[in-house]
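Visitor: Just to be clear, the model below is a prediction. Sequence and coordinates:
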Protein chains: 6
Amino acid sequence: MGQRLTHLDEAGHARMVDVSEKSATTREAVAQADLHMLPETLTAIREMTLRKGDVLAVARVAAIQATKRTSELIPLCHPLALRAVEANFIEIDEKTLRILVTVKTTGVTGVEMEALVGATVGALTVYDMCKAIDRGMVIREACLLKKIGGKSGPYEREQEMSR
Amino acid sequence: MGQRLTHLDEAGHARMVDVSEKSATTREAVAQADLHMLPETLTAIREMTLRKGDVLAVARVAAIQATKRTSELIPLCHPLALRAVEANFIEIDEKTLRILVTVKTTGVTGVEMEALVGATVGALTVYDMCKAIDRGMVIREACLLKKIGGKSGPYEREQEMSR
Amino acid sequence: MGQRLTHLDEAGHARMVDVSEKSATTREAVAQADLHMLPETLTAIREMTLRKGDVLAVARVAAIQATKRTSELIPLCHPLALRAVEANFIEIDEKTLRILVTVKTTGVTGVEMEALVGATVGALTVYDMCKAIDRGMVIREACLLKKIGGKSGPYEREQEMSR
Amino acid sequence: MGQRLTHLDEAGHARMVDVSEKSATTREAVAQADLHMLPETLTAIREMTLRKGDVLAVARVAAIQATKRTSELIPLCHPLALRAVEANFIEIDEKTLRILVTVKTTGVTGVEMEALVGATVGALTVYDMCKAIDRGMVIREACLLKKIGGKSGPYEREQEMSR
Amino acid sequence: MGQRLTHLDEAGHARMVDVSEKSATTREAVAQADLHMLPETLTAIREMTLRKGDVLAVARVAAIQATKRTSELIPLCHPLALRAVEANFIEIDEKTLRILVTVKTTGVTGVEMEALVGATVGALTVYDMCKAIDRGMVIREACLLKKIGGKSGPYEREQEMSR
Amino acid sequence: MGQRLTHLDEAGHARMVDVSEKSATTREAVAQADLHMLPETLTAIREMTLRKGDVLAVARVAAIQATKRTSELIPLCHPLALRAVEANFIEIDEKTLRILVTVKTTGVTGVEMEALVGATVGALTVYDMCKAIDRGMVIREACLLKKIGGKSGPYEREQEMSR
């Protein structure tokens, strides 16, 4: 098997890969996480939204703040100065809330991990705030949707891909 | 709708719920996250495992460390002094790696969020270390499996539940 | 001068005071910070509030999260597991927004610093979000309003005290 | 009202504003916070200063360290690599201690928040170390004094401004 | 070989050991780190000390703050609410500065790692502040001197032990 | 004495030195820390290594993560975006384990402190995982081995230097 995991050296030891030769370019990544819940839980979140928006407002702040701490959470991730972060919520169906996190930077490494960390921490924050009424919520389909910039070129997740 | 989200006060504002009247009891929670990937990615992780174990060793450390930072990541979570944390990996099928995180404490609030944060950060760390060969990996079925202790009593997720 | 600053030892060196003999009791503290601004800035915050509440929602989350990091920010502060945190905003007059932060714990030291850190970080977050339209905002009267519990007994700041 | 709060998108949701088009320039900001106290408290600090300087030495370190954590505390603040930080103390009158924090960077966003966070955390650290002898200390006039660099141009707070 | 490393489970995987059955007792630990340097460097530190004390004042604060972050730095360390921390400096000879850190808590695990982290970070802070004039400084004899409390009983490092 | 400690201003106060005039260059530093232990402890670590490698795997991750937090631990250190980090272990003799940490960046300040923090935290993590069987382990010879880049030019520690 010729695949190489770049975060490991030849002896298989963990390392933070050397990116000092890479040049800084504009990078962007979009990630999602879907949170499945009882329809009445989504109703409760939505009605809060209409009234005060606090569940989603708190989750949005949590998602944005988490993106900035990615290199502390993911051990072999390079620290990056993020230039833009947005977190948005979409109701996919009566029991699915999707969080979409978009991150941009100008740097030598991509921001895929930052977007993924933001999306999952945002979803977990919704879970935390609603767990008293729906402990069975599940995160599904947390994945990278798109990335732009970097040597490996753009990536776009095909819709309805079946794996 | 009579459901109440305890993390919001009557006006719908976020707050860290008052738990000063609750008594400290033994608490335990188990959470999982499944990471779907190409079969060759799982093979690469497994062969590394046989050789040096580093992908899973790094992800295990990341999961454990993340549990300890839960109250920094999840805004309305109470800080807790964890007493035990374990992270384990299981190959569910040829393209699915499951991470299971078990957390224990003696305290006034539960450790569900700690277990969930550990499981998702562990899965994201595997993603980070393998994304160079498989950018399309997806986290699925990240959820609470079990909790013990606390006023709301034990919780166990039913197998094969269909929602 | 017979006054002793307990955070300094006899030689005047900083130390984290020994509280191992103190017994854990219920503690509470309330602190405030007033943010003075242009009337149109307060209008902008208020109208946002009516629409979505985001300036105050973000500042509220920032205040709550900051209380949990007090012992990292204030070098000689003891770490504490907080049991309850609330942050509320009041319009004092057409150009003054007050943030009130209430913190509770059961522990061997008080939570005055946690309440003060929460109030000032909340006020600074409002500043950050509005500085594009009003760079001249000023924090005034950031102080402890009340504390309960602990050997030194309750404290209540007199109204309209002139110093 | 035509004013726009840039940290909110059109729908009023919080976001970390996109600064990826801005060019890196030299930035500087100076902020202050005044701490009002009993004259004997200021005497105690001053005499410590003459002897060992520890209250102000600790507060100075706390202020410098806090500036580096600004983007963790203020949710929508961009992370920045600071190039210089200084914290100084001035006795304004017999009961007022002023802390002045100067921050410099070369980057795409300003360092106003860093200077303000440093000044307020420095003042709160003095409060923490002296609260055993003077619980009624108050932070007043915590504000931006000056900023240089950035598209919006220089800013200087007028003396004796009356708002 | 019958020795068991408790931080590893039977399969050799890292874990945060279960201490939920241990009872909270008073714990204390003292650690040291010696920093060897050029005699003129120690003179410079000492003269600063006489004048303002800042190198040692900063290192003392750094040591105290580091003890509070031990469980973030040492992956399998349990978080602990420290009750007392002191850091002191002794000149051992004309080229050796010793830092001694004492930590106390009431808890289920010991504070050896907290004391060791404090001593080494304190020594590294002195290094940082003096490296412009003496890049060849070396940390030697960083070790635990004493511990009290806990099931394994008291420990005292013998003087002049030869290993 | 004409030596100047740059982290102190003329009055001897701590500051984070102004590096805004320095130009970004490629920087590299290598640091070591030696951990002395009982021969049977080193055997236990080595046999674990043969089997699963976890003590060293955990210590390697801890070392890498610690380098990224250097500016939080060392108060006057400038934050830096690291480009590469590696941690390796060598058995020097039957009772000495050496950890070597190499750090690279492109920036305006060097990475000596990052390498030193990584080496000492890595050594302390080994201590933590083995202290149940060998509480007397000692860190010796923690020092900078080499640095490249920066105005002060390259530095290489001479072998067998006697100080």
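Guide: Structure received.
Visitor: mind listing what residue A:54 touches?
Guide: Residue A:54 makes contact with A:48, B:8, B:12-14, C:53, C:57, according to CB atoms under 8 Å, 6 or more residues apart in numbering or on different chains. In short, each C-beta sits where N, CA and C put it, glycine included.
Visitor: most residues in a single helix of chain A, which one?
Guide: Criterion DSSP state H: the longest helix present in chain A is helix A:112-130.
Visitor: send the alpha carbons of that one over as CSV?
Guide: Extracted C-alpha coordinates of helix A:112-130, given in CSV (Å, rounded to 0.1, in the frame of the first residue of the first chain):
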residue,chain,number,x,y,z
GLU,A,112,-10.7,22.3,6.6
MET,A,113,-10.2,21.3,10.2
GLU,A,114,-11.3,24.8,11.5
ALA,A,115,-14.5,24.5,9.6
LEU,A,116,-15.1,20.9,10.8
VAL,A,117,-14.4,21.8,14.4
GLY,A,118,-16.7,24.8,14.2
ALA,A,119,-19.6,22.7,12.7
THR,A,120,-19.3,19.9,15.3
VAL,A,121,-18.9,22.2,18.3
GLY,A,122,-21.9,24.3,17.1
ALA,A,123,-24.0,21.1,16.8
LEU,A,124,-22.8,19.9,20.3
THR,A,125,-23.8,23.3,21.8
VAL,A,126,-27.3,22.9,20.4
TYR,A,127,-27.3,19.3,21.9
ASP,A,128,-26.2,20.7,25.3
MET,A,129,-28.9,23.3,25.4
CYS,A,130,-31.7,20.9,24.4
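Visitor: which helices and strands does it pack with?
Guide: Contacts defined by 3 or more CB pairs under 8 Å, 6 or more residues apart in numbering or on different chains; DSSP states H and E place helix A:112-130 against strand A:25-36, helix A:39-51, helix A:54-67, helix A:70-73, strand A:82-93, strand A:96-107, strand A:138-148, helix B:112-130.
Visitor: Residues touching the fifth one, excluding its own?
Guide: Okay, so that is strand A:82-93. Residues from elsewhere that reach strand A:82-93, judged by CB under 8 Å, 6+ apart: A:34, A:42, A:46, A:56, A:59-60, A:63-64, A:67-68, A:97-106, A:111, A:114, A:118-119, A:122, D:9, D:13, D:15-20, D:78-79, D:108.
Visitor: ranking the helices and strands packed on helix A:112-130 by mean pLDDT, which is last?
Guide: Per-segment mean pLDDT for the helices and strands packed on helix A:112-130 reaches its minimum on helix A:39-51, at a mean of 86.
Visitor: Tell me which residues are up against that helix.
Guide: Residues outside helix A:39-51 that contact it (CB under 8 Å, 6+ apart) are A:54-56, A:91, A:94-97, A:126, A:130, A:133-134, A:137, B:1, B:3, B:5, B:8, B:12.
Visitor: 10 Å instead?
Guide: With CB atoms under 10 Å, 6 or more residues apart in numbering or on different chains as the test, helix A:39-51 has contacts from A:35-38, A:53-57, A:59, A:89, A:91-97, A:126-127, A:129-131, A:133-134, A:136-137, B:1-5, B:8, B:11-12, C:52-53.
Visitor: Can you flag the buried ones in these?
Guide: Taking 16 or more other CB atoms under 10 Å in any protein chain shown as the criterion, what is buried in the contacts of helix A:39-51 is A:35-38, A:53-57, A:59, A:89, A:95-97, A:126-127, A:129-131, A:133-134, A:136-137, B:5, B:8, B:12, C:52-53.
Visitor: Report the beta-bridge partner residues of the residue in chain A positioned nearest to chain D.
Guide: Closest contact between chain A and chain D, by CB to the nearest CB, is at residue A:84 (3.6 Å). Under DSSP bridges, the beta-bridge partners of residue A:84 are residue A:104.
Visitor: Next: the one 5 residues further on.
Guide: Listed beta-bridge partners, residue A:89: residue A:99 (assigned using DSSP bridges).
Visitor: Distance check, it against residue A:32.
Guide: Per CB to CB, to the nearest Å, residue A:89 is found 11 Å from residue A:32.
Visitor: Need the residues touching each of these two.
Guide: What both residue A:89 and residue A:32 touch, as defined by CB under 10 Å, 6+ apart, is the set A:98-100, A:123.
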